[in-house]
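Enquirer: got a structure for you, letters missing:
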């Protein structure tokens, strides 16, 4: 879906728009000088291209530095190692996913349609992007080990975001809205744990949205 297949050792600028960390997430503010933000985005784009194409374990910090036109010491001034870069990539992707979820919940349409769109944008889209990389499976397999806390933060933020929408647009009491949102995200995690194909993931998300909307109608 997204072009991450540039040649090794070359920065692919087409990746950069998908790596935009500096926005609000769970009441956290990310503020950096513009030139540092631009350099950071370039580094992360090059890193995603490199590790996605050649594998996390096979790609060195020196290769990442060369891909984005920096010296190895300059790269280490910004990131302590590959794990730090991996975590930064996760932060960017989950930040974007959360923003996409909020936008989907603000759209018009039925609750089922909005919930389905949330899951398509915040779950399917990033999974499809990573899975499309030659070494995407390796990157996904490492998420609990390297960035499990970030994914838990994202899951909590998604629960809060869905619950807030259920309270504001559907009129649910806070405890009911929270329970329904938790149920949605637990089902999503259960679905992802089965390592589904993208088509199965899409179908599963549609089913979760349909069941959740039906449950809401019964409240």
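Expert: In hand now; what should we look at? Keep in mind that this is a model prediction, so the values were computed, not measured.

Enquirer: and residue 74, its phi and psi?
Expert: For residue 74, the backbone dihedrals (degrees, to the nearest 10) come out as phi -70, psi -40.

Enquirer: give me the number of residues near it?
Expert: Neighbour count of residue 74, defined by other CB atoms under 10 Å: 13. Using the backbone N, CA and C atoms, a C-beta is placed for each residue, glycine as well.

Enquirer: that one is in contact with residue 68, isn't it?
Expert: No: at 9.5 Å, residue 74 does not count as touching residue 68 under the criterion of CB atoms under 8 Å.

Enquirer: tell me the gap between the helix or strand hosting residue 91 and the middle of its chain.
Expert: Assigned by DSSP states H and E, residue 91 belongs to helix 82-106. Between the centre of helix 82-106 and the centre of its host chain there is 4 Å, according to CA atoms, centre = their mean, to the nearest Å.

Enquirer: after that helix comes which helix or strand?
Expert: Heading towards the C-terminus - elements assigned by DSSP H and E - helix 82-106 is followed by helix 111-119.

Enquirer: do a quick rundown of the helices in the protein.
Expert: Assigned helices in the chain, in chain order: 34-54, 61-67, 72-78, 82-106, 111-119, 125-131, 136-141, 143-170, 174-193, 198-218 (criterion: DSSP state H).

Enquirer: mind listing what's buried along the shortest one?
Expert: By neighbour count, with 16 or more other CB atoms under 10 Å as the criterion, the buried positions of helix 136-141 are 136, 138-139.

Enquirer: before we move on, back to that, by contact count, what packs against the helix holding residue 91?
Expert: The helices and strands touching helix 82-106, judged by 3 or more CB pairs under 8 Å, 6 or more residues apart in numbering; DSSP states H and E, are helix 34-54, helix 61-67, helix 111-119, helix 125-131, helix 143-170.

Enquirer: which of these sits closest to residue 200?
Expert: Closest to residue 200 of the helices and strands packed on helix 82-106 is helix 125-131 (CB to CB; 11.1 Å).

Enquirer: what mean pLDDT does the helix holding residue 91 get?
Expert: Confidence over helix 82-106, taken as the mean pLDDT, stands at 96.

Enquirer: can you list the buried residues in it?
Expert: Neighbour count says helix 82-106 has 82, 85-102, 104-105 buried, by 16+ other CB under 10 Å.

Enquirer: that helix vs helix 34-54, what angle?
Expert: Taking axes from the mean of the first three to the mean of the last three CA atoms, to 10 degrees, one finds helix 82-106 and helix 34-54 inclined to each other by 100 degrees.
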